[in-house]
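In: Here is a sequence with its predicted model. Questions after.
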Amino acid sequence: MSDRTPADVERLLANSDLVFAVLDDGKLVGFARVLTDRTYVALLLDVIVDESHWGVGVGAVLLEAVVNHPALADVRSLELVCQPDLVPFYRRWGFTDQVGASRLMRRTTDARLTG
């Protein structure tokens, strides 16, 4: 789903607490962002790696930067939502899908996100 406009991305960046990027020859090839209260919870969002850079460690660079960022050192819970095939990748950094009785819930105006 690539319907993000430049204005949407500008607002997304301005309202994210932490933004991480990986560049290759000046081209953005990896991106992640975090929303956090810096105490109880941090939510890792939009971990995106350009398809041309899959499998070469860009995702690992992003995750290392996130989990080792000083602003997140005292946060009780770092959370994310991912597709099932990415669970093994995130487990390498200590993420688990054992979250008790928690359930993802969504309220959206985008019908593509409810199917």
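Out: Cool, got the structure. Residues are numbered from 1 along each chain as shown.
In: Phi and psi next, for the residue nearest the centre of the chain.
Out: Nearest to the mean C-alpha position of the chain, by CA atoms, centre = their mean, lies Leu45 at 2.8 Å. Main-chain dihedrals, Leu45, degrees, to the nearest 10: phi -130, psi 160.
In: now swap in Leu72 and tell me
Out: Backbone geometry at Leu72, expressed as degrees, to the nearest 10, gives phi -110, psi 0.
In: quick revisit: tell me, how many neighbours does the residue nearest to the residue nearest to the centre of the chain when sequence neighbours are not counted end up with?
Out: Of all residues not flanking Leu45 in the chain, Arg33 sits nearest, at 5.2 Å (CB to CB, 6 or more residues apart in numbering). No exception for glycine: its C-beta is placed from N, CA and C like everyone else's. Arg33 has 20 neighbours, counted by other CB atoms under 10 Å.
In: for Arg33, helix, strand, or coil?
Out: strand (DSSP: H, G, I helix; E, B strand; the rest coil).
In: Would you mind measuring from it to Ala7?
Out: Shown here: Arg33 relative to Ala7, a distance of 17 Å by CB to CB, to the nearest Å.
In: Show me the shaky parts of the chain.
Out: Scanning the chain for pLDDT under 70 picks out 1-2.
In: which residues touch the residue located most distally from the centre of the chain?
Out: Most distant residue from the mean C-alpha position of the chain: Asp25, 22.8 Å away (CA atoms, centre = their mean). With contact set as CB atoms under 8 Å, 6 or more residues apart in numbering, Asp25 has no partners.
In: Find the residue closest to Val67 in space, skipping its chain neighbours.
Out: Excluding the flanking residues, the one nearest Val67 by CB to CB, 6+ apart is Trp93, at 5.2 Å.
In: Next up, the contacts around the one you found.
Out: 63-64, 67.
In: For it, give me phi and psi.
Out: phi -110, psi 20.
In: Likewise for Arg38?
Out: Torsion angles, degrees, to the nearest 10, at Arg38: phi 60, psi 20.
In: correct me, but it touches Val75?
Out: Yes - the criterion here is CB atoms under 8 Å, and Arg38 meets it with Val75 at 6.2 Å.
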